[in-house]
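Trainee: need a 3D model of the following:
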Amino acid sequence: MKIKPLNGYAVIKPLKAEEMTKSGIIIPDTASKETPKEGEVVAVSATNIASSGTELPIEVKVGDKVLYGQYSGEDVKVDGEDYKILEMTSIRAIVE
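Mentor: Below is the predicted model of the structure:
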């Protein structure tokens, strides 16, 4: 990958939207699918400094599966792949 986030940001590879409901109903491509709010961390900035100048801990690492806010971050496409760049404070949880 050719993208490196800067202070306090992470790059997330969103997981694909579900193709089938839990009850087994297939969702066609023409239907609107809910935007995934779960993804895998593919890059993390080396620093996380608050606007006050305080250094904050970096709590996520590459490979973590995370949950993030629905309208968080910025959608980008790099080398034909979709990614989200968002502030680490927008990451709500690490899924273990």
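Trainee: ok, now which ones touch the most centrally placed residue in the chain?
Mentor: Centroid check for the chain by Cα atoms, centre = their mean gives Ile12 as the closest residue, at 3.3 Å. By Cβ atoms under 8 Å, 6 or more residues apart in numbering, the residues touching Ile12 are Gly39, Glu40, Val41, Val42, Val66, Tyr68, Gly73, Tyr83, Lys84, Ile85, Leu86, Ile91. Placement of C-beta: from N, CA and C, glycine included.
Trainee: and the second one, what are its bridge partners?
Mentor: Glu40 has these beta-bridge partners by DSSP bridges: Lys13, Lys65.
Trainee: would you map the strands across the protein?
Mentor: Assigned by DSSP state E, the strands in the chain fall at 9-14, 38-44, 65-68, 74-78, 81-87, 91-95.
Trainee: now the fifth one: mean pLDDT?
Mentor: Averaging the model's pLDDT scores along strand 81-87 yields 94.
Trainee: residues contacting that strand, please?
Mentor: 1, 3, 5, 8-14, 39, 42, 68, 72-77.
Trainee: can you rerun that using 10 Å?
Mentor: Here strand 81-87 makes contact (Cβ atoms under 10 Å, 6 or more residues apart in numbering) with 1, 3, 5-14, 16, 35-37, 39, 42-43, 45, 48, 66, 68-69, 72-78, 90.
Trainee: do you know the pLDDT at the residue nearest to the centre of the chain?
Mentor: 96.
Trainee: so what's it closest to, chain neighbours aside?
Mentor: Once flanking residues are discounted, Ile12 sits nearest to Gly39: 4.0 Å by Cβ to Cβ, 6 or more residues apart in numbering.
Trainee: isn't the one you found right next to Gly69, touching?
Mentor: No. Using Cβ atoms under 10 Å, Gly39 makes no contact with Gly69, being 11.9 Å away.
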